[in-house]
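**Q** I would like the atomic coordinates for the input below:
(4 chains, ligands or ions: 6)
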Amino acid sequence: MTKKIGIVIVSHVPEVAAGIPRLLEQVAADVSITFAGGTDDNDIGTSAAKISTAFTENKADEIAAFYDLGSSKMNLELAVEMTDKKVHIYDAALIEGAYTAATLLQADVALKDVEEQLAPLKIK
Amino acid sequence: MTKKIGIVIVSHVPEVAAGIPRLLEQVAADVSITFAGGTDDNDIGTSAAKISTAFTENKADEIAAFYDLGSSKMNLELAVEMTDKKVHIYDAALIEGAYTAATLLQADVALKDVEEQLAPLKIK
Amino acid sequence: MAKEEAEMLTVELTKKWMELFYDEIDKNKAYLSELDTPIGDGDHGNNMKRGVTGVKEGLAKLKEPDLKATLQAIAMALISKVGGASGPLYGTAFLEMAKKCNETQKPEELFTVALEGIKKRGGAKEGDKTMVDVWAPIVKTFSDGSFSKEEIKKAVESTKDMEARKGRASYLGERSIGHLDPGAMSSGYLFETFIDAGGTK
Amino acid sequence: MAKEEAEMLTVELTKKWMELFYDEIDKNKAYLSELDTPIGDGDHGNNMKRGVTGVKEGLAKLKEPDLKATLQAIAMALISKVGGASGPLYGTAFLEMAKKCNETQKPEELFTVALEGIKKRGGAKEGDKTMVDVWAPIVKTFSDGSFSKEEIKKAVESTKDMEARKGRASYLGERSIGHLDPGAMSSGYLFETFIDAGGTK
Ligand SMILES: Nc1ncnc2c1ncn2[C@@H]1O[C@H](COP(=O)(O)OP(=O)(O)O)[C@@H](O)[C@H]1O
Ligand SMILES: Nc1ncnc2c1ncn2[C@@H]1O[C@H](COP(=O)(O)OP(=O)(O)O)[C@@H](O)[C@H]1O
Ligand SMILES: [Mg+2]
Ligand SMILES: [Mg+2]
Ligand SMILES: [Mg+2]
Ligand SMILES: [Mg+2]
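**A** Ligands and ions are numbered 1, 2, ... in the order given. Now for the predicted structure:
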């Protein structure tokens, strides 16, 4: 039942990263959603290692990734270079973009149509 | 030292609402930031009563409010009708918008200039 | 005479109405959440159940309330207990009725201000596939005397072919077509139980 | 002869460099965070301190490493320990140097690929008020032989009048003018300690 494309949430704040999937899971029971929040010491920041783990733990081999601030994007990109999975990084509003993607992926919408709906949410 | 305008964060998820201020406080030590997350039972949802409390607890009399999904805006508006404070609701990306506002309010930027910078982040 | 009375909203009628609405929500809780699953977050039944439970408790606490206090208590319970979008919407509806009820007790006029409140609160128009698509046509039925379970069912059913433009279902765009709107369904129950409670035109 | 040797990056030189860089960061931790306060989140000193501590520990674990392993260990420590934007940026710089160092050990060429890595990773150009505004001019000084503490200070100082277009400071727009960029400052320390360690053109 798990959808082909999963979602990874990256935030500087551990609680935010852990909390967003709770909102998404409500509308996307079959989308694998994993997250990486904070530094390795759970301080405010991001960690390429944690993001790598979120990629690995995700049940899908193709991933739509969302992040909060620009600096998390850099760690996200580093993690992308270290994974075999196919990762799409979206410069969309974190919560609103991930929520949109979750809703549409659950409804088996094709990725290119999801991306079309993410386009107006691109704010970075 | 507290700035004249405070920030209120409203999210469906208690952890997300509690976590975002941690990101903002890093760049806005003197901005009063309060939050309301989840229903009264701490389930996923929002609560006009919790939002009212976040208004009251905020040290500022003028508030910039940010929310995640459309339904939280309705509870936000209900809470606005119940408070004496001056509240501005922004339809901006929650995390990115609130972060921008926090940075600028800390730097004593006038509200109309803050709003100008929030305009491109308007996605709902 | 009985007919005459039923034309006006009274405390008695309102209480009876809320009891029946509670039962209907309770009975259809799973169904409402099921409707909310393909085009929402699957919680509308639970939300409404929490709401009507709050209403029951809120009304039980009132001692000899007048109509205004009754409607206010209902509004407050819905606002504070539902948790989802439908909470502030139904809450606003009853709040507007409470504000108006000293001036008129005609259901038609009270439902009219309630509908205006819902529209203002949520920004939805007719055709957006929300509870407004039940409220708006039903309020109209009062003027031509066609208010009936038939019309209520028709209004609920009409949301099936609509494309959602408000609320969570709107994220699905045209993919929302083919599904009944859960808030339209619960609004259907609200009006049906109003009839069952003795409230007719 | 000593001059000759210093022209090439060696394991010895790199280790010495990192020791001095650690000391410099340690000494200026509060200052770096202070620079990061008006135009950032006030953590650059702490971030860098965590980073250089990680570098120290990472290097201590290596047994008779070659240059590539040394540079890789530095990169990995910075990437995993810093936490802020500067982590992946400095990390990428050393990663690119590690990739290149079997082909050439000339500081000039290694710093060139490092700079390209930083630019690619962060998307910043010269003039955006970031560490790039130290790296870019300093890399150029190698070709005309002007690499010196003088030039490093000048490059760091040049960020003061710039308007930030990347990183957290960019949220402040023109209000970022008048403040030194913290990452430019720490990059200044990196190049100064490279000189102190014996690395010159
Ligand atoms: N903006 C709106 N205007 C009118 N009705 C709305 C609006 N948003 C949602 N609704 C109604 O609310 C119903 C969903 O309620 P519920 O599931 O309780 O809230 P949520 O979507 O927050 O979980 C929808 O089926 C729709 O009828
Ligand atoms: N996109 C970028 N490109 C180049 N350098 C950047 C970029 N973003 C930030 N920096 C550098 O990183 C420094 C801030 O580092 P640090 O405080 O550790 O990270 P953070 O801002 O995430 O807290 C800035 O002063 C700047 O020099
Ligand atoms: Mg719902
Ligand atoms: Mg809900
Ligand atoms: Mg910083
Ligand atoms: Mg930081």
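**Q** So which bits of chain C are right by chain B?
**A** Remark: the part of chain C in contact with chain B comprises C:41, C:43, C:47, C:79-85, C:87-89, C:91-92, C:121-122, C:166-168, using CB under 8 Å from any CB of the partner chain. (C-beta placed from N, C-alpha, C; glycine too.)
**Q** Any of these buried? List them.
**A** Of all the residues of chain C next to chain B considered here, the ones buried according to neighbour count by 16 or more other CB atoms under 10 Å in any protein chain shown are C:41, C:43, C:47, C:79-85, C:87-89, C:91-92, C:121-122, C:166-168.
**Q** From those, list the ones also adjacent to chain A.
**A** C:41, C:43, C:168.
**Q** Redo the residues you listed as TSV? Include secondary structure, distance to ligand 5 and pLDDT.
**A** Supplementary listing: these in TSV, determined by DSSP: H, G, I helix; E, B strand; the rest coil; distance: CB to the ion, whole Å; pLDDT from 0 to 100:
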residue	secondary structure	distance to ligand 5	pLDDT
C:D41	coil	36	96
C:D43	coil	39	96
C:R168	helix	36	97
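**Q** touching ligand 4 at all, the longest helix belonging to chain C?
**A** Selection of the longest helix in chain C by residue count, based on DSSP state H, yields helix C:11-39. No - with CB under 5 Å from the ion as the measure, helix C:11-39 is seen stopping short of ligand 4, the closest distance being 7.8 Å.
**Q** Now do the next helix or strand after that helix: distance to the chain's middle.
**A** Elements were assigned by DSSP states H and E; along the chain past helix C:11-39, the next helix or strand is helix C:44-61. Taking CA atoms, centre = their mean, to the nearest Å, the mean C-alpha location of helix C:44-61 is offset from the chain mean by 13 Å.
**Q** can you state the direction angle for helix C:44-61 and helix C:11-39?
**A** Inter-element angle recorded for helix C:44-61 and helix C:11-39: 160 degrees (by axes from the mean of the first three to the mean of the last three CA atoms, to 10 degrees).
**Q** which residues touch A:L69?
**A** By CB atoms under 8 Å, 6 or more residues apart in numbering or on different chains, A:L69 lies in contact with A:12, B:23, B:96, B:99, D:168.
**Q** can you redo those residues as a markdown table with secondary structure?
**A** Converted to a markdown table, the contacts of A:L69 look like this (DSSP: H, G, I helix; E, B strand; the rest coil):
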| residue | secondary structure |
| --- | --- |
| A:H12 | coil |
| B:L23 | helix |
| B:E96 | helix |
| B:Y99 | helix |
| D:R168 | helix |
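**Q** Mind giving me the PyMOL select for these, buried ones only?
**A** In PyMOL syntax, the buried subset of the contacts of A:L69 is picked out as below (16+ other CB under 10 Å):
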select buried, (chain A and resi 12) or (chain B and resi 23+96+99) or (chain D and resi 168)
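**Q** which one among the contacts of A:L69 gets closest to chain C?
**A** Within the contacts of A:L69, distances to chain C taken as CB to the nearest CB reach their minimum at B:E96, with 19.0 Å.
**Q** Is it correct that the closest one is in contact with A:D68?
**A** Yes - with contacts counted by CB atoms under 8 Å, B:E96 reaches A:D68, the gap being 7.2 Å.
**Q** Overlap of the contact sets of the two?
**A** A:L94.
**Q** Which elements pack onto the helix or strand C:A98 falls within?
**A** Under DSSP H and E, the secondary-structure element containing C:A98 is helix C:86-100. For helix C:86-100, the helices and strands in contact under the criterion 3 or more CB pairs under 8 Å, 6 or more residues apart in numbering or on different chains; DSSP states H and E are helix B:70-82, helix C:44-61, helix C:67-81, helix C:107-122, helix C:182-196.
**Q** All the strands of chain A, in order from the start?
**A** Across chain A, reading from the start of the chain, the strands by DSSP state E fall at A:5-11, A:33-37, A:62-67, A:86-90.
**Q** Direction included, what does the longest one pair against?
**A** Each strand that strand A:5-11 pairs with, and the sense of that pairing, follows from DSSP bridges: strand A:33-37 (parallel), strand A:62-67 (parallel).
**Q** Quick check: closest non-adjacent residue to A:P120.
**A** For A:P120, ignoring the flanking residues on the chain, the nearest one in space by CB to CB, 6 or more residues apart in numbering or on different chains is B:I123 at 6.7 Å.
**Q** And that neighbour, how close does it get to B:A36?
**A** From B:I123 over to B:A36 the distance is 21 Å, taken as CB to CB, to the nearest Å.
**Q** So which of these two has more stuff around it?
**A** Between B:I123 and B:A36, counted using other CB atoms under 10 Å in any protein chain shown, the more crowded position is B:A36 (28 against 19).
**Q** Is it correct that the more buried one is in contact with B:E57?
**A** No - in this structure, B:A36 is not within contact of B:E57 by CB under 8 Å, at 9.5 Å.
**Q** Excluding sequence neighbours, find me the nearest residue to A:E57.
**A** Using CB to CB, 6+ apart and skipping residues adjacent in sequence, the residue nearest A:E57 is A:T34, 4.7 Å away.
**Q** give the contact list for the closest residue to C:A75 other than its chain neighbours.
**A** Once its chain neighbours are removed from consideration, C:A75 has its nearest residue in C:F94; the separation is 3.7 Å (CB to CB, 6+ apart). The neighbours of C:F94, taking CB under 8 Å, 6+ apart as the test, are C:71-72, C:74-75, C:78, C:114.
**Q** can you name the two of the residues you listed that are farthest apart?
**A** Checking the contacts of C:F94 against each other with CB to CB, the farthest-apart pair comes out as C:Q72 and C:A114, at 13.3 Å.
**Q** Look at these two and report which has more neighbours.
**A** Neighbours around C:Q72 and C:A114, counted as other CB under 10 Å, are more numerous at C:A114. The numbers are 25 against 20.
**Q** so what's the more buried one closest to, chain neighbours aside?
**A** C:A93 (3.8 Å).
**Q** now do C:A136
**A** That would be C:E126: by CB to CB, 6+ apart, it lies 4.8 Å from C:A136.
**Q** pLDDT score for that neighbour?
**A** The score at C:E126 is 98. That number is its pLDDT.
**Q** Does it touch C:V134 like I think?
**A** No - C:E126 is beyond contact range of C:V134, at 10.2 Å (criterion: CB under 8 Å).
**Q** the more surrounded of these two?
**A** When C:E126 and C:V134 are compared on other CB under 10 Å, the one with more neighbours turns out to be C:V134, at 29 against 14.
**Q** Residues of chain A that sit close to ligand 3?
**A** With the criterion set to CB under 5 Å from the ion, chain A never comes near ligand 3.
**Q** check contacts around the residue in chain A positioned nearest to ligand 5.
**A** Per CB to the ion, A:S71 is where chain A lies closest to ligand 5, at 8.2 Å. Taking CB under 8 Å, 6+ apart as the criterion, A:S71 is in contact with A:12, A:45-46, D:84-85, D:88, D:167-168.
**Q** tell me, which of those residues make contact with ligand 6?
**A** Near ligand 6, by the rule CB under 5 Å from the ion, you find D:G84 out of the contacts of A:S71.
**Q** Make a markdown table from the contacts of A:S71 and add distance to C:T37 to it.
**A** Listed next are the contacts of A:S71 as a markdown table, based on distance: CB to CB, whole Å:
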| residue | distance to C:T37 |
| --- | --- |
| A:H12 | 33 |
| A:G45 | 37 |
| A:T46 | 34 |
| D:G84 | 41 |
| D:A85 | 41 |
| D:P88 | 40 |
| D:G167 | 43 |
| D:R168 | 41 |
